[in-house]
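Q: my questions are about this predicted structure, shown below with the sequence.
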Amino acid sequence: MKPLITTAQALSEIATGLSPEAISSSAVLFEFETQDFDFLLAAENKSTDQRIIIMRKENVQDIFTPDHLSIHRTDVLSRMISFAERAKVPGPLSLPRHWHQYKHSNYIAFRAVPQMDAHASRWITEVISGNRPDVIFWKSTTSSNKSTLEEFASKRPKPPGFGNSWNEAFTAAKQYFSQARSLRSQPQPADVEIYLPALEQSITKGWSYEKWLSAVTPEQRAFIEANTDKSIRLRGPAGSGKTLALTLKAVREVLLNRDKGEEIRVLVVTHSWALAAQISDSLDSMGLGLVLQEIEVFPLLEIAKAISPHYVQDTSGFSLIGDDSLSGKQAQLNEIQEVLNEFIDGDWITYRNSVSDSLRARFDSDDNDGRLALAWDLLIEFGSVIGAAAIFPGAGSDLRYYQIPRMSWMLPLNSREDMRVVFDLYSRYMESLESRSLVTSDQVLADFLSHLETHAWNRARRSQGYDLVFVDEFHLFSPLERQVLHHLTLDTSTYPHVFMALDPRQSPSEAFIGVAADDTRSSNLAPTDDNLGDVANFELTTIHRFTPQILSLIKHVHHEFPTLDLGQEWDIDFTRVESEKSDGPLSRLVSSASRRGEEEDIVRAVHEVYQRGRIALAVVDPRQWSRFSRLASEIGKSGKFNVSTVSGRSDIEGLGYRRRGLVIGPAEYLAGLQFDSVFVAGIPDLNTSAPTVNERTRYLSLLYLALSRAQREVRVFVNEDDGGAPEVLLRAVSNNVMGAERGSLV
Ligand SMILES: Nc1ncnc2c1ncn2[C@@H]1O[C@H](COP(=O)(O)OP(=O)(O)OP(=O)(O)O)[C@@H](O)[C@H]1O
């Protein structure tokens, strides 16, 4: 194969398990071909970015890794990315010990796969010196095809010259992404594909502000008209019109103040660009002209980056890891696995005797899935416990960690010694990020928080702060993020007035934990609550998105959640919730004999409902993402359907407008969106593969999220290869909230 020229960002997308065939349906990747080279670029790439050159002499089938390493593709790619990131850091390049690096002149060889692979494969690479540290993956060697670095170096191969083609590829990519963006947001001629004008599809249905005010329910109205003299928490299940009510209230406050001749500054904070874009579009569509001038809508991380002097003046070239995407999360998980493997092979022995039996068993286990589960638990511990308390490695910081009381949702750590091991791993993890010039979003937020606590901000906030702060999807904010919010208001003499909309059932993984973690923080670390003073609670109990049939299924899933004591302010009383929509079909549970059969059933279902409106295929377990991204490419290839994959929250910008089409993505990244039909697949067996309360809650939350995206119809697909239907759905069938259907027998 021709050499492939790509970037760390593009490879990270593939390392999530995205099938190479699905590249064309990804909203963030672009392929370009010249006579001598193939290019793969990501939407966020800049023309000055480091390039990764893969020579591909040994590639016949697999376009990314030498064929014999295909089965380890994700691991191999993760290590390649990690190598490229390390090459960017000024100074001598040093790799972790267990990579078994070997250097000769400007060539470096290292193990290609973290685990033992039968071929003992190694890469031979070169880092180009000069103004950008491009890396070349020259070839891989195996135990049966050994070539020493010295032999290789003696040939001194010439790096490929692709400068002009790179510029060409980059220009084409830029054009492609900007065209795709405008295509997604523009109504298209009917003969290309049928689109509805954007406004009719948005959550405001193209109605004016006045029309909405007369259409809202009394519950929504109570919130919209509530006094702003104290903070308000607006709770409601998925589809109850929280985002809409929040948007209307923001507008109302601006207009009321205008009538009094005053101009106020309003901030609407979101967790993602996707939701920020949706709210901005809603404001635009309500025919209010200049309201936007007073209302700013941004994701919190963006506000942190814009205000935080640490970030504004940062010239160290650090880049952010763990942004809100599957690739960000996967990158953190890979890093933790690497740190964990190195630790177990090395210093673990010195801790081994002092830790509790249960933790020892987890570290000693050779089982790959077990190691992965431990890495997940550590990811949550690092982000939602240690990072959320803004503890970063340094003198005395371990003591602050030891003081955090353990809660039932956390990784069980039974003694100080157990915590010591975890903190040691955390320090190594942070060190390894630093060695690759990466920062986590937690670090950005913690720096931001420390800036907000300075006298300088106290002076600046009087002009830069906001009169009112609205927060949508509050349940997705970690305790650390929540501490930031009350510093953003302008008046320091009263309690900040923050208006939050939330549904705790929609918080997968660590974010959910963040909800419960409020208790942790209040019982030990500095702030005793969200510093919001007295908070009024409002509740929405009418569902506007989906039918009574879908609501019954969602209520059923809700009752399956483990009893987590969230406190009264958080919990939603589902007994009062009703749908105002007319009846629709009963949700279906389709059981196929095999994975292949399940895929055929899904394709058949797409054929059946495609004409009716938008469809989502929501994948509950991200470990199954690879399989369904491959299915996406197969369905797309037929040319009959418009298929897009999403694996990050920002990818969905603009998707909201397409009338027809199939969107395939991990359930988590479909939050905030709605579709005519939702197909749910990739549900792990909650009894066997979710052994901890944490994991069970995470999967139930993702299932809840997936189901609640539907407006008219839900179908859930399961197959015998993956253990058949989980208990929670079998019970739904016996309670008559789902109909069981036999799928394909192949
Ligand atoms: N009073 C109402 N009358 C009619 N439709 C409504 C009303 N309130 C909201 N809707 C519609 O219900 C749908 C869901 O609204 P919205 O997205 O605000 O819900 P949400 O509670 O924020 O949902 P989620 O938590 O799942 O994001 C939208 O299509 C919106 O236009």
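A: In hand now; what should we look at?
Q: so what's whatever residue of the stretch 201-350 of the chain ends up closest to the ligand closest to, chain neighbours aside?
A: At 2.8 Å from the ligand, residue 241 is the closest residue in the stretch 201-350 of the chain, using Cβ to the nearest ligand atom. The way it works is simple: take the backbone N, C-alpha and C, and place the C-beta from them, glycine included. Spatial nearest neighbour of residue 241, chain neighbours left out: residue 544 (5.0 Å); criterion: Cβ to Cβ, 6 or more residues apart in numbering.
Q: show residues contacting stretch 622-633.
A: Contact with stretch 622-633 is made by 16-19, 21-25, 326, 595, 599, 602-603, 617, 619, 643, 645, 647, 662, 664, 666, 668, 681-682, 684, as judged by Cβ atoms under 8 Å, 6 or more residues apart in numbering.
Q: list buried residues within these.
A: When the contacts of stretch 622-633 are checked for burial by 16 or more other Cβ atoms under 10 Å, the buried set is 16-19, 21-23, 25, 326, 595, 599, 602, 617, 619, 643, 645, 647, 662, 664, 666, 668, 681-682, 684.
Q: among those residues, which lie within strands?
A: Counted as lying in strands by DSSP state E, out of the buried ones among the contacts of stretch 622-633, are 617, 619, 643, 645, 662, 664, 666, 681.
Q: who does the first one bridge with?
A: Yep, that's residue 617 we're talking about. Taking DSSP bridges as the rule, residue 617 bridges to residue 664, residue 679.
Q: now do the third one
A: With DSSP bridges as the criterion, the beta-bridge partners of residue 643 are residue 662.
Q: so what's the residue of the stretch 201-350 of the chain closest to the ligand up against?
A: 216, 217, 220, 540, 542, 544.
Q: what of residue 580?
A: 542, 543, 544.
Q: ok, the last one to residue 389 distance?
A: Relative to residue 389, residue 544 is positioned 38 Å away (Cβ to Cβ, to the nearest Å).
Q: more neighbours: which of these two?
A: Neighbour totals were compared for residue 544 and residue 389, and residue 389 leads with 24 against 18 (other Cβ atoms under 10 Å).
Q: let me see the confidence value for that one.
A: On the pLDDT scale, residue 389 is placed at 77.
Q: sec struct for it, please.
A: Secondary structure for residue 389, judged by DSSP: H, G, I helix; E, B strand; the rest coil, is coil.
Q: surely it and residue 449 touch.
A: No: Residue 389 is beyond contact range of residue 449, at 11.3 Å (criterion: Cβ atoms under 8 Å).
Q: shared neighbours, the two?
A: Contacts common to residue 389 and residue 449, judged by Cβ under 8 Å, 6+ apart, are residue 480.
Q: and the stretch 151-300 of the chain, which of its residues are near the ligand?
A: Counting by Cβ under 6 Å from any ligand atom, the stretch 151-300 of the chain comes close to the ligand at 203, 205, 215-217, 220, 236, 238-244.
Q: mind running it again at 8 Å?
A: 203-205, 212, 215-217, 220, 236-247 (Cβ under 8 Å from any ligand atom).
Q: select only the buried ones of these in PyMOL?
A: Isolation of the buried members of these (16+ other Cβ under 10 Å) is achieved in PyMOL through the command below:
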select buried, resi 203+204+212+216+217+220+236+237+238+239+240+241+242+243+244+245+246+247
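Q: residue 713 falls within a strand, correct?
A: Yes: inclusion of residue 713 in a strand is indicated when three-state DSSP is applied.
Q: excluding chain neighbours, what is closest to it?
A: Using Cβ to Cβ, 6+ apart, the closest residue to residue 713 is residue 677 (4.4 Å).
Q: what about that neighbour, how many residues nearby?
A: Using other Cβ under 10 Å: residue 677 sits among 24 other residues.
Q: for the chain, name the helix or strand with the lowest mean pLDDT.
A: helix 509-524 (a mean of 42; mean pLDDT, DSSP states H and E).
Q: and the helix or strand following that one, which residues are buried?
A: Counting by DSSP states H and E, the element after helix 509-524 in chain order, helix or strand, is strand 535-539. For strand 535-539, burial by neighbour count (16+ other Cβ under 10 Å) applies to 535, 538, 539.
Q: ok, strand 535-539 near the ligand or not?
A: No: applying Cβ under 8 Å from any ligand atom, one finds strand 535-539 separated from the ligand by no less than 11.6 Å.
Q: packing partners of the helix or strand just after that strand?
A: Moving toward the C-terminus from strand 535-539, the next helix or strand (DSSP H and E) is strand 542-543. On a contact count with 3 or more Cβ pairs under 8 Å, 6 or more residues apart in numbering; DSSP states H and E, strand 542-543 meets strand 578-579.
Q: got the contact list for the strand it packs on?
A: Residues beyond strand 578-579 that count as contacts (Cβ under 8 Å, 6+ apart) turn out to be 541, 542, 543, 546, 547, 548, 550, 551.
Q: that one pairs with which strands?
A: Strand 578-579 is paired, per DSSP bridges, with strand 542-543 (parallel).
Q: per-residue confidence averaged over the strand it pairs with?
A: In the prediction, strand 542-543 has an average pLDDT of 95.
Q: got it, and stretch 594-612?
A: The model assigns stretch 594-612 a mean pLDDT of 95.
Q: stretch 473-486 too?
A: Here the average pLDDT along stretch 473-486 is 80.
Q: list the buried residues in it.
A: Quick answer for stretch 473-486 (16+ other Cβ under 10 Å): 473-486.
Q: so which of those residues belong to helices?
A: 479, 480, 481, 482, 483, 484, 485 (DSSP state H).
Q: find the nearest non-adjacent residue to the second one, please.
A: Put plainly, it is residue 480. residue 388 is the one closest to residue 480 (Cβ to Cβ, 6+ apart), at 4.6 Å.
Q: surely the one you found and residue 440 touch.
A: No: contact criterion Cβ under 8 Å: residue 388 and residue 440 do not qualify, at 11.6 Å.
Q: more neighbours, those two?
A: Applying other Cβ under 10 Å to residue 388 and residue 440 shows that residue 388 carries more neighbours, namely 26 against 21.
Q: quick check on that one: phi, psi?
A: Backbone torsions of residue 388, given as degrees, to the nearest 10, read phi -60, psi -30.
Q: distance of it from the ligand?
A: 23 Å (Cβ to the nearest ligand atom, to the nearest Å).
Q: and the stretch 551-700 of the chain, which residues reach the ligand?
A: Going by Cβ under 8 Å from any ligand atom, the residues of the stretch 551-700 of the chain near the ligand are 580, 671, 672, 674.
Q: try it again at 6 Å.
A: 672, 674.
Q: and the residue of the stretch 551-700 of the chain nearest the ligand?
A: For the stretch 551-700 of the chain, Cβ to the nearest ligand atom, closest residue to the ligand: residue 672, 4.8 Å.
Q: wasn't that residue part of a strand?
A: No: Residue 672 is assigned coil when assessed by three-state DSSP, not a strand.
Q: tally up the residues packed near it, please.
A: With other Cβ under 10 Å as criterion, residue 672 counts 24.
Q: can you start the count at 786 instead of 1 from here on
A: Got it, first residue is 786 now, which makes that one residue 1457.
Q: any stretches of the stretch 1136-1285 of the chain with poor pLDDT?
A: 1193-1194, 1264, 1277, 1280 (pLDDT under 70).
Q: quick one: the helices in it?
A: 1142-1149, 1153-1165, 1182-1187, 1201-1220, 1226-1237, 1240-1249, 1264-1270 (DSSP state H, counting those that start in this stretch).
Q: pick the most buried one from those helices.
A: Neighbour counts (mean count of other Cβ atoms under 10 Å) averaged over each of those peak at helix 1264-1270, with a mean of 24.
Q: mind giving me the packing neighbours of that helix?
A: Using 3+ Cβ pairs under 8 Å, 6+ apart, helix 1264-1270 sits against helix 1085-1092, helix 1226-1237, helix 1294-1309.
Q: if we can go back for a sec, now do the contacts for the residue nearest to residue 1498.
A: So residue 1462 contacts 1394, 1397, 1398, 1399, 1400, 1401, 1495, 1497, 1498, 1499, 1500 (Cβ under 8 Å, 6+ apart).
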